[in-house]
Each structure stands twice: as structure tokens, then as C-alpha cells.
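Undergrad: Need a 3D model of the sequence below.
(one chain, ligands or ions: 2)
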Amino acid sequence: MSRKLYIITFGCQMNEADSEHIARIFRKRGFELTDKLNDADAVLVNTCTVRQLAEDKAISQIGRLKHWKKAKPEGKLFVTGCAAQRLGARNIKKRFKYVDIVSGAKEIGKIENIIDSAYPLHTALNIDAKPENIYRSPLTAYVTVMRGCSHRCSYCIVPSVRGPAVFLSREEIIRDAKEKLAGGAKELVLLGQTVNSYKRPGYTFSNLLEEILNLPGLLRLRFMSPHPLYFDKDFKRILKQYPKLARHIHLPAQSGSDRILKLMRRGYTHNQYLDIIKGLREEIPDLAVSTDFITGYPGETEEDFQETLRLVSEARFSSAFCFKYSPRTDNPAMASDIPENILEERLDRLLKAVKKISNVILLERIAKIEEVLFETADFGRSSSNMAVRINSAAEPGSLKKVEILSAERNTLHGKVLL
Ligand code: 5AD
Ligand code: SF4
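TA: Ligands and ions are numbered 1, 2, ... in the order given. Got it, this is the predicted structure:
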């Protein structure tokens, strides 16, 4: 009977992609994935530290695994990712004596050797394991195009835990994309912290998009997360020319206040952000745009916050992740100076504003035709990344035109056009 690996992943898509990468390394060594902790011979906790709460969750998860380790002393517990990087192996092992291996996010390139060193008596079986699509749907595969980030946004810990931006080579990326398509993926998601800043000598993000869009077997291409500063002219042309490129972009704004954007070192203003979206919507008028916001950045006033609310209605976001600012350094200047009740209230108002506009955008899709990639017989996602349900049955993995008849609770309902 083969040994089993149980994975717990916190945080962003980058972490999910890393977990899939690690899962494959285990599979090559004869492990199988399990969703039952009690069956596991190895457990992987891939941690996040983007906000304190994310780190706390990962840490308490490690705490809960004490029982597993007690019941299975020969089992091995691996802790990886961004919180592992921030806290360090010594710290984590001191606090949780039963953790076997700690490997921070910066060590992802060495993880294969690290896993082998955890099993010294075991020679690598090197089973030909297929790529894993664990997180979105079996049809959707992540393709990492860069690691780390070289921006210096003042609130963000990512550059320090993942290191500066490193771009994978064109050959590596195309090989990965082809392999994942050959493994049955219909949709690829290109991943990187500032994915559209991708650049190699003589080869841009737009070149990469175009090359991948022409790979046989691909039905849809997404990427995340882009930074507003890096869309070039070619990108607009490609967006227009290739319907396979999703009609949805997740473009983190973080704030709508010029003053706060400057303090955050984001490199754009409220109007510049809007102009970028307007430019893209000149090509694709119903392009869906979602975003991330942080409320309660140190010094954020009610006027600043109003600017964020204004951006929500002007940019017409189809959805937004809204976070309370979480200080990631001990520097007192970076502590939030906004009382908790005001913070809560702003978050609540922001969520309501987003919901209002996102609902309007959903309703606007009624009587329109959406191209839907079916994940099951009756459920799929539109190119604009909206959930779509039908009453009849479609083949999973097929792309169909669906006429939208109604909308409720974040889901469109429609019928397949023949
Ligand atoms: N506090 C709150 N939210 C943060 N994010 C990044 N750093 C912080 C922080 N210190 C949010 C940003 C980013 C998303 C992944 O997490 O909105 O886009
Ligand atoms: Fe969390 Fe950021 Fe690391 Fe992703 S890159 S896992 S969001 S800290």
C-alpha cells in the first residue's frame, strides 16, 4: 500500500501552485494524496503570512497536528511557505517540537532535495507523476511564470518572504503549460506576484500570452495578479484578438485615495488606475474587473476612504477582496492608528458598496450570451469569471455559449445555445 500525503494550504494562488508542485514531488516518490488526516504518513502545512490573521491560522493548524503526530510518531510533518520563511525553522521547531522539516518560501527551488533528506533510506522511485490540479477545478492548471516581487509596497511582506522577482525562462513556462494541457487541463492560469511585469531579454509578458494562447488544446487563459503599471500596447491588441483570453482581470487597487496610494508606494493615482481600466474596456466593453482593497492604512481619513468608495462605483468592480490593514513590521509608524470600531465600520461600508455594484454588473448579464467552460454537467465559469448554472447537461471540459436568463446570489442561470 502506498504512503499518503495530506496537504493543508493557506494563502494565495502562488501557495496553491507551490503545494501542487510539492505534491507532485511526493507522488514521484510513491506517495498518494489523501483527504483523511488519519490515513496520512506525511502532512504538509503550506503557510501564509500576508496578514497576521493568516499567519495565526497556519500556526494554530500546526498546533492541532500534535494529535496526529502522537498517534503516528513515524509520520513526518513538513511546514513550508511564507510564515515558515518569516518565523524561521528554529522558532517553529522550538514552539512545536514535533515538526520534522521547516522550509521557507524562498527554498521552494530546493524542496525536492529537502524532501529526499527527510527520507534518507528511501531512494527516489521517480514515478512518472502527472501534474496536480488540486485547487480550482480539475480542468484548470496553474503555471508559475515568476517568483517573488521587487516592488516595495509599504504594507506588504511578500518581497521579504519570497525574495525579489525572478522570471522563469520562456522554455520552462511553455514546457509546463504544454505538459498541463497534455494532462487534460483546458484552462491555464499564469501566476506571479506582478505577473504582467514578466520580462526576459527580447520577450515580454504579451509575447508570452500570445505564445500560450496559440497552444493546441487550450480553451481559456487567465493570469493573476497583474500590477496596473505594466500593461503595454500589445496587451490591448491581444485582449481584443484572442477571445480565449479571459474577459476578466483581477487588478488590485488597494485604495482609491491618491494620498494613501502614494504612502503605499503603489505608483499610480486614482485617475490613472481608472484610465487603465477604461483603456482596456475600449477594446472589451464588458470586461469584468475585480480587485483587492486594504482599509485602515495608517493615517487613512474619512476623506481618503470616500475616495475608495468613489473608485468602487467608477471602476464598476465585479467583485473585490477587502482586507483590514494588518501591520507586518514592528515599526510603530506602520501601526494602524484607526480605532477598531471605525475600521470595522469602513470595512462594512466598503463591502456593501462592492456588493451593490457587483450585483448590478451581474444583473446586466441577463439576456446576454456568455461563453462558459463547464466544470461539471450543469456548472461552469464564464469568461468573465462568473458562476453559471444550467438546467440541461453539458460535457465537463466543454466550452459552450450560454444565454443568461436570470441571476441570483452571485450565480447566473441560463440555457446552452446549440
Ligand atoms: N494588510 C492587509 N492586507 C494586505 N494585503 C497585502 N498586505 C496586506 C497587509 N499588510 C492584501 C492586498 C493584496 C492581497 C493579496 O492582500 O490587498 O493585494
Ligand atoms: Fe500569503 Fe503573500 Fe505568501 Fe501568498 S505570497 S502565501 S498571500 S504571504
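Undergrad: Identify the residue nearest the closest residue to ligand 2 within the stretch 151-300 of the chain in space, chain neighbours excluded?
TA: Nearest residue of the stretch 151-300 of the chain to ligand 2 (CB to the nearest ligand atom) works out as Val158 at 4.5 Å. Every residue, glycine included, has its C-beta placed from N, CA and C. Nearest residue to Val158, sequence neighbours excluded (CB to CB, 6 or more residues apart in numbering): Cys149, at 5.1 Å.
Undergrad: The one you found is in contact with Gln193, isn't it?
TA: Yes. If you go by CB atoms under 8 Å, Cys149 and Gln193 touch, sitting 3.8 Å apart.
Undergrad: Between those two, which contacts overlap?
TA: Contact criterion CB atoms under 8 Å, 6 or more residues apart in numbering; residues bridging Cys149 and Gln193 by contacting each: Val158, Arg162, Ala165.
Undergrad: and the first one, what does it touch?
TA: So the one you mean is Val158. Counting by CB under 8 Å, 6+ apart, Val158 touches Val50, Cys82, Gly148, Cys149, Gln193.
Undergrad: quick one: which two of the residues you listed are the most distant?
TA: Val50 and Gly148 (14.0 Å; CB to CB).
Undergrad: what's the pLDDT at the residue of the chain found nearest ligand 2?
TA: Per CB to the nearest ligand atom, the residue of the chain with the smallest distance to ligand 2 is Gly11, at 2.8 Å. Each residue has a pLDDT score; the one for Gly11 is 96.
Undergrad: Could you list the low-pLDDT ranges of this protein?
TA: Filtered on pLDDT under 70, the chain yields the residue ranges 122-125.
Undergrad: Tell me which stretches of it form helices.
TA: In the chain, the helices defined using DSSP state H lie at 13-28, 52-64, 66-71, 82-87, 89-95, 111-118, 158-162, 170-182, 205-213, 233-241, 258-263, 270-283, 302-315, 340-364.
Undergrad: Just name the most buried of those.
TA: Highest mean neighbour count among the helices of the chain (mean count of other CB atoms under 10 Å): helix 82-87, with a mean of 25.
Undergrad: Could you pull out the buried residues of stretch 320-338?
TA: Ala320, Cys322, Phe323, Lys324, Tyr325, Ser326, Pro327, Arg328, Ser336, Ile338 (16 or more other CB atoms under 10 Å).
Undergrad: Surely Lys415 and Ile390 touch.
TA: Yes. Lys415 lies in contact with Ile390 (CB under 8 Å); the separation is 6.2 Å.
Undergrad: where's Lys236 relative to Ile277, distance?
TA: Distance from Lys236 to Ile277, counting by CB to CB, to the nearest Å: 12 Å.
Undergrad: For this structure, list the residues in contact with ligand 2, please.
TA: Neighbours of ligand 2 within the chain, by CB under 6 Å from any ligand atom: 11-12, 14-15, 48-50, 54, 81-82, 158, 161-162.
Undergrad: got the residues of the stretch 151-300 of the chain near ligand 1?
TA: Listed as neighbours of ligand 1 in the stretch 151-300 of the chain under the rule CB under 6 Å from any ligand atom: Tyr155, Cys156, Pro252, Gln254, Asp292, Ile294.
Undergrad: Isn't the second one up against Arg328?
TA: Going back to what we said before, that points to Cys156. Yes. Taking contacts as CB under 8 Å, Cys156 lies within contact range of Arg328: 7.3 Å.
Undergrad: got any residues that touch both of those two?
TA: Common neighbours of Cys156 and Arg328, counting by CB under 8 Å, 6+ apart, are Val50.
Undergrad: report the angle between the axes of the longest strand along the chain and helix 340-364?
TA: Determined from DSSP state E, the single longest strand within the chain is strand 399-408. With axes from the mean of the first three to the mean of the last three CA atoms, to 10 degrees defining the directions, strand 399-408 sits at 120 degrees from helix 340-364.
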